[in-house]
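*Asks:* coordinates for the following, if possible.
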Amino acid sequence: DEPTASLPASDVRHLFEAIRRLKERGVAILYVSHHLDEVFEIADVVSVLRDGRRVTTRRVDGLDHDGLIELMIGHKIVQGRSGAGPAGDEVLVDVVDLHGGNLHGVDLRVHAGEVVGVAGITGSGREPFVPQLPGQTPSQSGTVSINGEYTDNYSPRDVLRAGGAFVTADRKGLGLVPMMSVLDNTTISDVGRNARAGRIDKAAERADGVGWIDRLSVKTASPYTPIGALSGGNQQKVVLAKWLFTESRVLIFDEPTRGIDVGAKVEIYKLMNELVRQGVAILVISSELPEVIGMCDRILVMHEGRIAGELARE
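*Replies:* Numbers count the residues shown, from 1 in each chain. As a prediction, this is how the structure comes out:
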């Protein structure tokens, strides 16, 4: 069940070699995965489930990627970025000469209405870059500007005040409060919005929160359902709703679709397209190459703590 969820590419290859050896010995293997490329690489037959029912069972060699996705979500989809790049010259993220950990002078810019991806293999510097950008861990030197506000020793609170938001890859450990409801997890990022004379206006808070829950098509029995009762994909939508609730102009997405099904991924991609059309700047840090290739206007490639190259969309 999702055996490669936290494995680097080299270990995935070792796992697949082991699976093939077991298969040659006559062992039967049931392999459950959200990663469709793995299904095509390792499986002989695939069964597709949707809404608690088996849709079909077919040989893998009779399917293609788009056909499998259509079976999984029940309709044809249009994937990828549907936009023309930055909406103008306004720079909403400006990182200059950032050092810290194994980072050695990272520079990058993200314009309003642009999606920029950061890619790199494990150990490239992608991992320590993620917490330094939103101020989770301190940098040694360099400056970061969010929405025009420069700072060289900042915190997540500073980023939030400047109009930035950080969608963490660790949604259960850092992105959500497990014992709270879907509604509370959605509105917790800006509790003061609905405060009146020192008390929270619960009716106004519910109206605000439910608006985002509906907009992101979060499947929940009630806004007051504990967040832990939701599927991984719906939990991820709530993590996004929490930061969209703040109406931030800068969104930093760390592995935004890790561990969620293809239907939820498509909905998140559609949301990203909608946001950049409104002039939001999005920085995506992802280990999923099809994701950064399909969704980004530019891709910055990290190697040994530095930006080794920049690739335009075309």
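
*Asks:* tell me the gap between stretch 258-272 and the middle of its chain.
*Replies:* Computed by CA atoms, centre = their mean, to the nearest Å, the separation of stretch 258-272 from the middle of its chain amounts to 8 Å.

*Asks:* and if you look at stretch 299-314?
*Replies:* 19 Å.

*Asks:* same check, this time on stretch 59-72
*Replies:* Taking mean C-alpha positions (CA atoms, centre = their mean), stretch 59-72 and its chain are 24 Å apart.

*Asks:* now the end-to-end length of it.
*Replies:* Terminal residues of stretch 59-72 are spaced 15 Å apart (CA to CA, to the nearest Å).

*Asks:* how about the helices of the stretch 51-200 of the chain, start to end?
*Replies:* 65-73, 126-132, 156-161, 182-187 (DSSP state H, counting those that start in this stretch).

*Asks:* and the ones you listed as CSV, adding mean pLDDT, mean neighbour count and distance to Ala312?
*Replies:* All C-beta spots, glycine's among them, are computed from the backbone N, C-alpha and C. CSV is the format used below for the helices of the stretch 51-200 of the chain (pLDDT from 0 to 100; neighbours: other CB atoms under 10 Å; distance: least, CB to CB, whole Å):
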stretch, mean pLDDT, mean neighbour count, distance to Ala312
helix 65-73, 81, 16, 24
helix 126-132, 77, 21, 20
helix 156-161, 80, 16, 27
helix 182-187, 92, 25, 36
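
*Asks:* out of those, the one nearest Leu289 is which?
*Replies:* For the helices of the stretch 51-200 of the chain, proximity to Leu289 was assessed by CB to CB; helix 126-132 is nearest, at 12.4 Å.

*Asks:* contacts for the closest one next, please.
*Replies:* Contacts to helix 126-132, defined as CB atoms under 8 Å, 6 or more residues apart in numbering, come from residues 98, 100-103, 106, 118-120, 137-139, 169, 252, 254, 285, 287, 302, 305.

*Asks:* returning to what we had before: of all the helices of the stretch 51-200 of the chain, which lies closest to Asp11?
*Replies:* helix 126-132 (16.0 Å).

*Asks:* is the spatially most central residue of the chain in a helix, a strand, or coil?
*Replies:* Nearest to the mean C-alpha position of the chain, counting by CA atoms, centre = their mean, stands Pro256 at 0.6 Å. Three-state assignment for Pro256 (DSSP: H, G, I helix; E, B strand; the rest coil): coil.

*Asks:* what does Leu283 give?
*Replies:* Applying three-state DSSP: Leu283 is strand.

*Asks:* where in this protein is pLDDT low?
*Replies:* Scanning the chain for pLDDT under 70 picks out 75-88, 138, 151-154.

*Asks:* distance to Arg20 for the helices of the stretch 51-200 of the chain - can I get that in TSV?
*Replies:* Putting the helices of the stretch 51-200 of the chain into TSV (distance: least, CB to CB, whole Å) gives the following:
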stretch	distance to Arg20
helix 65-73	21
helix 126-132	30
helix 156-161	45
helix 182-187	42
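
*Asks:* this structure: strands as residue ranges?
*Replies:* 45-50, 53-59, 91-100, 103-111, 115-119, 141-146, 149-151, 164-167, 195-196, 199-200, 250-254, 281-285, 298-303, 306-312 (DSSP state E).

*Asks:* wait, which of the ones you listed is closest to Asp184?
*Replies:* Using CB to CB, the nearest of the strands of the chain to Asp184 is strand 199-200, at 10.5 Å.

*Asks:* strand partners of the closest one, parallel vs antiparallel please.
*Replies:* strand 195-196 (antiparallel) (DSSP bridges).

*Asks:* what does the partner strand rub up against?
*Replies:* Asp201.

*Asks:* tell me how far that strand lies from the chain's centre.
*Replies:* In this view, strand 195-196 has its centroid 32 Å away from the chain centroid, taken as CA atoms, centre = their mean.

*Asks:* before we move on, the earlier item: now the strands of the chain in CSV, with mean neighbour count and distance to Gly211?
*Replies:* Formatted as CSV, the strands of the chain follow (neighbours: other CB atoms under 10 Å; distance: least, CB to CB, whole Å):
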stretch, mean neighbour count, distance to Gly211
strand 45-50, 14, 28
strand 53-59, 11, 32
strand 91-100, 19, 24
strand 103-111, 19, 27
strand 115-119, 25, 24
strand 141-146, 20, 25
strand 149-151, 13, 28
strand 164-167, 25, 17
strand 195-196, 10, 18
strand 199-200, 11, 17
strand 250-254, 25, 18
strand 281-285, 26, 21
strand 298-303, 20, 32
strand 306-312, 14, 36
